[in-house]
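Colleague: one predicted model, sequence on top.
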Amino acid sequence: MASVRSRLTVGYSAAVIGVLAVYTGAIVAQQRLAAMRSVGDDIRSTARLASAIIERQSFRGIAVDTVAVQASPFTPAVTSLLEQLPGFVIIGDSSQVFFWSAAVRQMQAQAENPALIPDVRGLWRQDLDRLTGIAYSSTTGATERRVTLNFDDVLLTAQVFDSPLGGGVRRIVVGESLRRMSESTMGILGVALTLAPLAVGLAVAVGWGLAGRVLAPVNQMVNDVEAITDGRSLHRRVVLESDARDELGRLAQTVNDMIARLENSFGSLRRFTADASHELRTPLAVIRADVERAMTTSDDAHERAVALEEALQQVSRMTGLVESLLTLARADEGRFDLITEPVPLEPVIREVAETGAMLGEERRIAVTTPLVEPVTVPGDAERLRQLLLNLVTNAVKYTGDGGRVEVTLERRHGEAIVTVKDNGMGIAAADLPFIFDRFWRVDRARSRSEGSGVGLGLAICQWIAQAHRGRIDVSSRLGRGTTFTVVLPSDEHLTSA
Ligand code: ADP
């Protein structure tokens, strides 16, 4: 399995080589086109020159129309001028040849060269026949074509005239080798191939170096994350040299945020487990002591009954605690299926206030409901009752003798607003942010000794409110009292939404 670094290097090098290949190809194509054009220009101007030379003779009246077959109609001066023309030049009338340039004669010489083996001579003969054959197959006008011969590649222009030029000329054929074109191609390819190993080497080196630089922070990050092996090393963070805002910076930030969340969850899990064990250990110790007392005082029936009753109280307390823990654990897992039905809150409020009044009766605490409007919310009636009862019980519990607790229910902007207000001991501003935390109590020692809750009540209240897409707010002043406000979306709100 190749590393990301080598894969990046290969990809980068392939891209560089591809670009170079395309670039070289484009240059070659452009050069070939230019060479082809220049050969074309050359042969056309040679043809023009040839006809000008022949015309000059006719103007001077030297030429005769009725030339004997195979005899050159040109004066030696004209012939020597024609000899100066480059490339393959064939001049004649419609059926006969008057002039062959040196290049054509050279071909003929090769075709008859006794020094060559017959096969090679045959090839030269073939080339000569092909050239002259094409020269004589073209019809009136000027045509240009590319001819591939055994020994060369030639661009030909054949100019055929209706009325003869001087000397009865009707046909001028000029050709030039395209070797120039292939030579330029070979030149460029030669340079490209010579430089290719250098280019590939450079691409690989640059690619390897770049990939290494880019991946170095990733490797560093992997090492950092690897060093976080268990819950105890969750305080460590991924270090990024520059606080870059690029992708790697964001990755490091995301990983760090995730570790922070993990650290948080681990911390609360640890605290939760410690708190839960602590809360369970105390009643267990009391039960044990009670049972031991009941066993040792077997002859005193009254004392035994007192010990067993106390044990029973502790068992009920433990049962409540375990039930709360189970509720929260299920809520955390999202395994709690709330029944959703229209719940009229008015009767719930009245019932809860009545229970509160009964609880506070002994301590002369008045629980009143000064304002109760009819509001229906979608939700789980049992859970909503638990939420409100918890708040009212707390209000009674944390209010001094002769205190007041008010419970109200209003409908405001499509929401049900429940307030539970007491004039009890209140909560210090510093404690307010924590009161919904699990196992949190203002004064742990006092609460337990009074046999009250364990600090899970408000955590459960908050979960119930949130599960109903609502919220709980609290405002309090130490020594003055506390107001809890529960906001729940009402039926009306849902239908209008
Ligand atoms: P508990 O079972 O101990 O009542 P809760 O989660 O219901 O646990 O409440 C957490 C803590 O918040 C309580 O221990 C108490 O200190 C504080 N608290 C809750 N309600 C009130 C209130 N109405 N007035 C003053 N303090 C309150």
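Modeller: Right, received. Where do you want to start?
Colleague: residue nearest the centroid of the protein?
Modeller: E247 (10.3 Å; CA atoms, centre = their mean).
Colleague: how far away is that residue from V218?
Modeller: Separation of E247 from V218 (CB to CB, to the nearest Å) stands at 10 Å. All C-beta spots, glycine's among them, are computed from the backbone N, C-alpha and C.
Colleague: the residue in the stretch 151-300 of the chain positioned nearest to the ligand: neighbour count?
Modeller: Closest residue of the stretch 151-300 of the chain to the ligand, CB to the nearest ligand atom: E279 (10.6 Å). If you count neighbours by other CB atoms under 10 Å, E279 ends up with 22.
Colleague: distance of it from R438?
Modeller: 10 Å.
Colleague: how long is stretch 436-454 from one end to the other?
Modeller: Start-to-end span of stretch 436-454 (CA to CA, to the nearest Å) is 12 Å.
Colleague: A strand includes V154, no?
Modeller: Yes. Assessed by DSSP: H, G, I helix; E, B strand; the rest coil, V154 belongs to a strand.
Colleague: double-check it against L131; I have them as touching.
Modeller: Yes. Counting by CB atoms under 8 Å, V154 does reach L131; the two are 7.2 Å apart.
Colleague: between these two, which contacts overlap?
Modeller: Listed as contacting both V154 and L131 by CB atoms under 8 Å, 6 or more residues apart in numbering are F88, V147, G175.
Colleague: which parts of this structure sit against the ligand?
Modeller: Residues of the chain found near the ligand (CB under 6 Å from any ligand atom) are 394-395, 398, 422, 424-427, 435, 440-442, 447, 452-459, 482.
Colleague: so which of these belong to strands?
Modeller: Applying DSSP state E to the residues of the chain next to the ligand, the entries found in strands are D422, T482.
Colleague: work out for me the element I53 sits within.
Modeller: Assigned by DSSP states H and E, I53 belongs to helix 4-59.
Colleague: got the contact list for the residue in the stretch 1-150 of the chain positioned nearest to the ligand?
Modeller: Residue of the stretch 1-150 of the chain nearest the ligand, by CB to the nearest ligand atom: V4 (51.3 Å). Contact partners of V4, counting by CB under 8 Å, 6+ apart, are A211, L215.
Colleague: tell me the helix or strand right after the one helix or strand E292 maps to.
Modeller: Applying DSSP H and E as the criterion places E292 in helix 247-296. Next helix or strand after helix 247-296 toward the C-terminus (DSSP H and E): helix 301-333.
Colleague: roughly how far apart are L269 and E263?
Modeller: L269 is 11 Å from E263, by CB to CB.
Colleague: and these two? which has more neighbours close in?
Modeller: A count of neighbours by other CB under 10 Å puts E263 above the other of L269 and E263, at 17 against 11.
Colleague: I figured the more buried one hits S233, correct?
Modeller: No. Here E263 lies out of contact with S233, judged by CB under 8 Å, at a distance of 9.7 Å.
Colleague: give me the buried positions along stretch 280-291.
Modeller: Neighbour-count burial for stretch 280-291, counted by 16 or more other CB atoms under 10 Å, picks out L280, P283, V286, I287, D290.
Colleague: of all of the chain, which residue lies closest to the ligand?
Modeller: G453 (1.7 Å).
Colleague: tally up the residues packed near that residue, please.
Modeller: Residues near G453, counting by other CB under 10 Å: 20.
Colleague: confidence score at it?
Modeller: G453 is assigned 71 on the pLDDT scale.
Colleague: kindly report the same for the one 5 residues further on.
Modeller: Residue-level confidence at L458 comes out at 95, pLDDT.
Colleague: got the contact list for it?
Modeller: N390, N394, I435, F436, W440, I472.
Colleague: try it again at 6 Å.
Modeller: I435, F436 (CB atoms under 6 Å, 6 or more residues apart in numbering).
Colleague: now swap in I472 and tell me
Modeller: Neighbours of I472 in contact, by CB under 6 Å, 6+ apart: Q462, A465, V486.
Colleague: number of nearby residues for Y23?
Modeller: 11.
Colleague: ignore the last one, S265
Modeller: 12.
Colleague: try D473
Modeller: Around D473 there are 11 residues (other CB under 10 Å).
Colleague: just say helix, strand or coil for it.
Modeller: Following three-state DSSP, we place D473 in the strand state.
Colleague: quick check: closest non-adjacent residue to it.
Modeller: Counting by CB to CB, 6 or more residues apart in numbering, T485 is the residue found nearest to D473 once chain neighbours are left out, at 4.6 Å.
Colleague: where does the protein dip in pLDDT?
Modeller: Across the chain, residues meeting the criterion (pLDDT under 70) sit at 1-2, 58-72, 138-142, 163-168, 241-244, 298, 444-452, 492-497.
Colleague: domain parsing of the protein, as residue ranges.
Modeller: Split into domains by automatic domain parsing, the chain comes to 4-185, 247-333, 341-496.
Colleague: all set, thanks.
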